[in-house]
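**Q** Here you go, sequence then predicted model.
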Amino acid sequence: MLRPRRLDSILDAVGDTPLFRLRKLERDTPGVELYAKLEFMNPGGSVKDRAARQIFLDAVGRGELTRDRVLIDSTSGNTGVAYSLVGAALGYRVALVMPSNVTQARKDITQAFGTELIFSDPLEGSDGAIRLVRQLVAASPERYYYPDQYSNPSNPLAHYLGTGAELLRDLGDRLTHFVTGLGTTGTMMGTTRRLKEHHRPVHCVAVEPAESLHGLEGLKHLASSLVPAIYDAAVPDETLFVSTDDGWDMTERLWAEEGLHVGHSAGANVFAAWTLGRRLAAEGRPGCIATILCDRGDRYFTPMKWEKVYLW
């Protein structure tokens, strides 16, 4: 369904994101088309708007989330922004547990929506935030509604209904490959399941950091992490591992050559898609590869401080 031009709610602006052809990078992949879905054009600035909207709507529809409870979840940042936006739009309270070393921009944005922030040990990463939120919910189950994005079927459902269907609508039979990174794994699980229902085969590739200690925020090195319950290893056809340096270098290349100011997980996705495209081109095989640009690059900058009153 195409996004309407007149919106009754900010939630109507989620999804139906543009598909951008990476023509500059295609100079390295002759015969292979490269496309990137501009998920940073969601109103919350990232792909996580899709899952957050679906999680909220499904929880309210089932009667699990009510006005007297606080939605609480763990997040490294983007899902928190998405929860905060949706909560504000629907009138529900939100609390977030995140590592204290997430970017200041994400802390400021979530708090601007009225969200309560609870910080976990930065050295424990996203897994530490997961452990802390579980402790809080166990201590006060009547106060909190815990959707758990890592095990909630509404997470991949958002991509089954949205991302996968949009790719098939926009590329159809031309689409041969889909590439995306693993974080909560919802984008890979939901999109791939929808693409596998297409009458022509689509080869789906998961992307992971090459190192357990890495700088690709939002992505999980599954061998050294808590594996999300929604993840099914049988869904991806292949996994490509991307180093921090390669992900960051591709991010800077996207800025300089394509005019796309995106974050480093997007750079890792595109590096994997570009690597796959070069492999197909070297083998003389045509292809059409789609990937995900997860969020904007300005999320990783320190913003100016917002103040109601300035003293000159």
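**A** Sure, I can see it.

**Q** Give me the buried positions along the helix-or-strand element of the chain with minimal mean pLDDT.
**A** Ranked by mean pLDDT, DSSP states H and E, the helix or strand of the chain with the weakest confidence is helix 104-112, at a mean of 87. The neighbour-count check on helix 104-112 (16 or more other C-beta atoms under 10 Å) flags 105-107, 109-110 as buried. Quick note: C-beta positions are derived from backbone N, CA and C, even for glycine.

**Q** contacting residues around it?
**A** 77-78, 80-81, 83-84, 94, 96, 98, 117, 298-303, 306 (C-beta atoms under 8 Å, 6 or more residues apart in numbering).

**Q** And M98, how close does it get to F113?
**A** Separation of M98 from F113 (C-beta to C-beta, to the nearest Å): 14 Å.

**Q** These two: which is more packed in?
**A** M98 (26 against 17; other C-beta atoms under 10 Å).

**Q** Which strands or helices does the top helix by length along the chain pack on?
**A** Ordering each helix of the chain by length in residues (DSSP state H) puts helix 264-282 first. Under the contact definition 3 or more C-beta pairs under 8 Å, 6 or more residues apart in numbering; DSSP states H and E, helix 264-282 sits against strand 32-38, strand 177-181, strand 203-209, strand 238-242, helix 244-253, strand 287-293.

**Q** The ones you listed into JSON lines, with extra columns for mean pLDDT and distance to E166?
**A** Shown next, in JSON lines, are the helices and strands packed on helix 264-282 (pLDDT from 0 to 100; distance: least, C-beta to C-beta, whole Å):
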{"stretch": "strand 32-38", "mean pLDDT": "98", "distance to E166": "8"}
{"stretch": "strand 177-181", "mean pLDDT": "98", "distance to E166": "12"}
{"stretch": "strand 203-209", "mean pLDDT": "98", "distance to E166": "15"}
{"stretch": "strand 238-242", "mean pLDDT": "98", "distance to E166": "22"}
{"stretch": "helix 244-253", "mean pLDDT": "97", "distance to E166": "24"}
{"stretch": "strand 287-293", "mean pLDDT": "98", "distance to E166": "10"}
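
**Q** Tell me, how many residues neighbour the spatially closest residue to A266 that is not a sequence neighbour?
**A** Of all residues beyond its chain neighbours, the one nearest A266 is L293 (4.3 Å), with distances taken as C-beta to C-beta, 6 or more residues apart in numbering. Residue crowding around L293 was assessed by other C-beta under 10 Å; the count is 26.

**Q** contacting residues around L293?
**A** Contacts of L293 (C-beta under 8 Å, 6+ apart): 20, 36-40, 260, 262, 266, 269-270.

**Q** hmm, try it at 7 Å
**A** By C-beta atoms under 7 Å, 6 or more residues apart in numbering, the contact list for L293 reads 36-40, 260, 262, 266.

**Q** How about L136?
**A** L136 makes contacts with 72, 144, as judged by C-beta under 7 Å, 6+ apart.

**Q** From S120, how far out is it?
**A** In terms of C-beta to C-beta, L136 sits 10 Å off from S120.

**Q** List of residues touching the longest helix of the chain?
**A** Contacts of helix 264-282 (C-beta under 7 Å, 6+ apart): 25, 28-32, 34, 36, 177, 179-181, 205, 207, 215-219, 240, 242, 246-248, 250-251, 254, 287, 289, 291-295.

**Q** Any idea how far that helix is from the middle of the chain?
**A** Put simply, helix 264-282 sits 18 Å off its chain's centre (C-alpha atoms, centre = their mean, to the nearest Å).

**Q** Could you give me the buried positions within it?
**A** 264-277, 280-281.

**Q** what do you get for stretch 229-238?
**A** 230-231, 235-236.

**Q** Alpha carbons only: can I get that stretch in PDB?
**A** Provided in PDB are the C-alpha atoms of stretch 229-238 (Å, rounded to 0.1, in the frame of the first residue of the first chain):
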ATOM      1  CA  ALA A 229      14.600 -15.900  20.000                       C
ATOM      2  CA  ILE A 230      13.200 -14.700  16.700                       C
ATOM      3  CA  TYR A 231      16.300 -15.700  14.800                       C
ATOM      4  CA  ASP A 232      16.200 -18.900  12.700                       C
ATOM      5  CA  ALA A 233      19.500 -19.900  11.300                       C
ATOM      6  CA  ALA A 234      17.800 -21.800   8.500                       C
ATOM      7  CA  VAL A 235      16.200 -18.600   7.000                       C
ATOM      8  CA  PRO A 236      19.300 -16.900   5.500                       C
ATOM      9  CA  ASP A 237      20.900 -18.700   2.500                       C
ATOM     10  CA  GLU A 238      24.400 -17.300   3.400                       C
END
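
**Q** Helices along this protein, start to end?
**A** 48-62, 78-90, 104-112, 125-139, 154-161, 163-171, 186-195, 244-253, 264-282.

**Q** Tabulate those in a markdown table, adding columns for distance to R5.
**A** Listed next are the helices of the chain as a markdown table, based on distance: least, C-beta to C-beta, whole Å:
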| stretch | distance to R5 |
| --- | --- |
| helix 48-62 | 19 |
| helix 78-90 | 19 |
| helix 104-112 | 26 |
| helix 125-139 | 37 |
| helix 154-161 | 21 |
| helix 163-171 | 17 |
| helix 186-195 | 26 |
| helix 244-253 | 32 |
| helix 264-282 | 27 |
